[in-house]
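here is a sequence together with a model predicted from it:
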Amino acid sequence: MKKQVALAMRILFYLTATVLGLLLMLVNQPLAWTWADKPVRLPWLNALSGALGGALLALIMDEVSRAVNRRVEAGEGQALLGGALFGLVGALFGLLGYAVLALLFSPSLWLQLAQAALIFFLTFLGFRLGYLQDLPWASLLGSTNPPQIHTAHIPAKLLDTSVIIDGRIGDLAQTGFIDGVLITPQFVLDEMQRIADSSDNLRRRKGRRGLDILSELQRNPKVQVELLNRDYPQAAGVDRKLIQLAKELGAAILTTDFNLNKVAKVEGVQVLNINELANAMKPRFIPGEELEVEVIDRGEEIGQGIGYLDDGTMVVIENGRRFIGKKIHTVVSSSLQTEAGKMLFVRPKGDAQGRWNDRA
């Protein structure tokens with residue numbers, strides 16, 4: 001219903017601006033030329049020019065208002081308010097300069113251009129200063145909040161369904177490493193609701209856990225979480241809607257979805273993958289370093305055993321099958337980084353030392 005009302009309002013705005021432009025030009029008829037010492041006026045030309053001018057002005061105003069709305073939704077409303085206040089101050093100084101120039105110089109076209117340029121420059125300068133600075137105008141409004149680092153230029157982050165259900169985003173937010181605004185689009189919330197209502201027991205539990213994680217994020221004072229009610233009915237799937245929304249807001253996407261990660265990067269959208277962060281935070285091991293690992297299963301090759309570190313890193317133990325069910329001391333032989341994560345190749349400590357002694 002809201003979309004239909006908004007569309008009707010936009011159509012009414014365009015029609016009103018077009019009709020006003022048409023009437024203004026038709027009444028004044030400024031477009032005319034002299035023929036045989038007589039002014040020749042063409043009402044239809046003035047009416048057409050007025051209608052086109054009114055429609056163009058309405059289009060510009062509409063695009064500006066939509067751009068401002070996107071910035072406010074991305075968490076930049078405070079910065080825009082600061083820019084507007086300082087822009088108003090700049091415009092007042094511009095009007096003062098306008099009056100001074102009018103007193104110093106005789107009227108001319110160049111004087112008018114200089115006056116207009118001065119007003120525009122000071123207004124733009126004031127807006128830029130107010131947009132980039134946070135505390136000066138906030139203190140004028142009586143803000144009692146403690147000084148904070150201005151975050152207007154930190155891109156907002158869109159939460160994908162997968163990263164919410166994964167749950168690690170809650171722990172990461174608790175550490176304070178997440179900055180900027182976390183935005184949960186309505187279509188992502190709807191998808192989680194469908195998963196939570198699924199007849200499949202596992203999917204239902206995942207959906208409910210995702211809703212619980214989102215609720216914890218909203219109660220966390222260290223992060224700012226907002227719900228954005230925007231949808232793209234023409235887009236197929238939640239992933240496509242996320243990419244389109246990220247492009248509009250200039251936001252990054254927080255996800256654990258491998259395919260979404262690849263597609264978004266191809267389309268130039270910044271992606272923050274929790275899995276990539278987890279892999280980057282895993283400790284690095286060098287050949288010859290000792291490591292204690294429990295052999296829990298057999299490997300694919302003859303004699304191999306498989307174990308895991310506390311962070312989930314897979315460890316392949318050469319000649320380790322005989323130690324299944326035991327914790328042994330091993331020596332790192334090499335490591336392999338894959339898209340799925342890191343793998344370590346090790347040998348039991350005695351075997352590795354005997355091999356190196358034989359080589360010596």
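Cool, the structure landed.

what about the nearest residue to residue 346 once chain neighbours are set aside, distance to residue 302?
Closest residue in space to residue 346, ignoring its immediate chain neighbours: residue 330 at 3.9 Å, by CB to CB, 6 or more residues apart in numbering. Quick note: C-beta positions are derived from backbone N, CA and C, even for glycine. As for residue 330, its distance to residue 302 is 18 Å (criterion: CB to CB, to the nearest Å).

strands of the protein, residue ranges please.
Using DSSP state E, the strands assigned to the chain run over residues 32-35, 38-41, 157-159, 181-185, 224-228, 252-255, 271-273, 290-294, 297-298, 305-308, 314-317, 327-338, 341-348.

buried residues in the fifth one?
By neighbour count on 16 or more other CB atoms under 10 Å, the buried set for strand 224-228 is 224, 225, 228.

what's that strand in contact with?
With CB atoms under 8 Å, 6 or more residues apart in numbering as the contact definition, strand 224-228 has outside contacts at 73, 75, 180-186, 189, 214, 217-218, 245.

any idea of the mean pLDDT in it?
In this model, strand 224-228 has a mean pLDDT of 87.

go on, the first one?
On average, the pLDDT along strand 32-35 is 60.

what's the nearest residue to residue 334 if we skip its chain neighbours?
residue 345 (4.9 Å).

if I read this right, the one you found contacts residue 335, doesn't it?
Yes - distance between residue 345 and residue 335: 7.0 Å, which falls inside the contact criterion (CB atoms under 8 Å).

mutual contacts of those two, please.
When CB under 8 Å, 6+ apart defines a contact, no residue borders residue 345 and residue 335 alike.

low-scoring stretches of the protein, by residue?
Applying pLDDT under 70 to the predicted model, the residue ranges of the chain that meet it are 1-3, 5-6, 29-41, 68-80, 131-153, 338-341, 351-360.

quick one, domains of it?
As given by automatic domain parsing, the domain ranges for the chain are 2-140, 157-279, 284-359.

identify the residues contacting the most centrally placed residue in the chain.
For the chain, residue 251 is the residue whose C-alpha lies nearest the centre (CA atoms, centre = their mean; 1.4 Å). Neighbouring residues of residue 251 by CB under 8 Å, 6+ apart: 74, 155, 156, 157, 158, 183, 245, 270.

now residue 126
With contacts defined as CB under 8 Å, 6+ apart, residue 126 is in contact with 83, 86, 87, 88, 89, 90, 91, 93.

could you dump the residues you listed into a markdown table and include neighbour count?
Below are the contacts of residue 126 laid out as a markdown table (neighbours: other CB atoms under 10 Å):
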| residue | neighbour count |
| --- | --- |
| 83 | 22 |
| 86 | 22 |
| 87 | 20 |
| 88 | 13 |
| 89 | 17 |
| 90 | 22 |
| 91 | 17 |
| 93 | 15 |
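
I'd like to know how far residue 190 sits from residue 167.
When distances are taken as CB to CB, residue 190 and residue 167 turn out to be 20 Å apart.

neighbour count for the two, which is higher?
Residue environment comparison for residue 190 versus residue 167 gives the larger neighbour count to residue 167, 17 against 13, counting by other CB atoms under 10 Å.

list phi and psi for the more buried one.
phi 90, psi -20 (degrees, to the nearest 10).

now it: closest residue in space, sequence neighbours ignored.
In this structure, residue 167 finds its nearest non-sequential neighbour in residue 213, 5.3 Å apart by CB to CB, 6+ apart.

give me the neighbour count for the one you found.
Counted with other CB under 10 Å, the burial measure for residue 213 works out to 22 neighbours.

that one: what's it in contact with?
Each residue near residue 213 by CB under 8 Å, 6+ apart is listed here: 164, 165, 167, 169, 170.

got JSON lines for the residues you listed, with distance to residue 27 too?
As requested, these are arranged in JSON lines below (distance: CB to CB, whole Å):
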{"residue": "164", "distance to residue 27": "59"}
{"residue": "165", "distance to residue 27": "63"}
{"residue": "167", "distance to residue 27": "66"}
{"residue": "169", "distance to residue 27": "61"}
{"residue": "170", "distance to residue 27": "64"}
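
most neighbours of all those residues, which one?
Scoring the contacts of residue 213 on neighbours with other CB under 10 Å, the highest-scoring entry is residue 164 at 28 neighbours.

once you drop chain neighbours, what's closest to that residue?
The shortest distance from residue 164 to any residue other than its chain neighbours is 4.4 Å, reached at residue 210 (CB to CB, 6+ apart).

thought that neighbour was touching residue 192?
Yes - contact status for residue 210 versus residue 192: in contact at 4.7 Å, counting by CB under 8 Å.

quickly list what's touching both of these two.
Listed as contacting both residue 210 and residue 192 by CB under 8 Å, 6+ apart are 161, 164, 165.

counting only helices, which of the residues you listed make the cut?
With helices identified by DSSP state H, the entries of the shared contacts of residue 210 and residue 192 that belong to them are 161, 164, 165.

OK, contacts around the last one?
Taking CB under 8 Å, 6+ apart as the definition of contact, the neighbours of residue 165 are 192, 195, 206, 207, 209, 210, 213.

kindly recompute the last result at 10 Å.
Applying CB atoms under 10 Å, 6 or more residues apart in numbering, we find residue 165 in contact with 191-192, 195-196, 203, 205-211, 213-214, 256.
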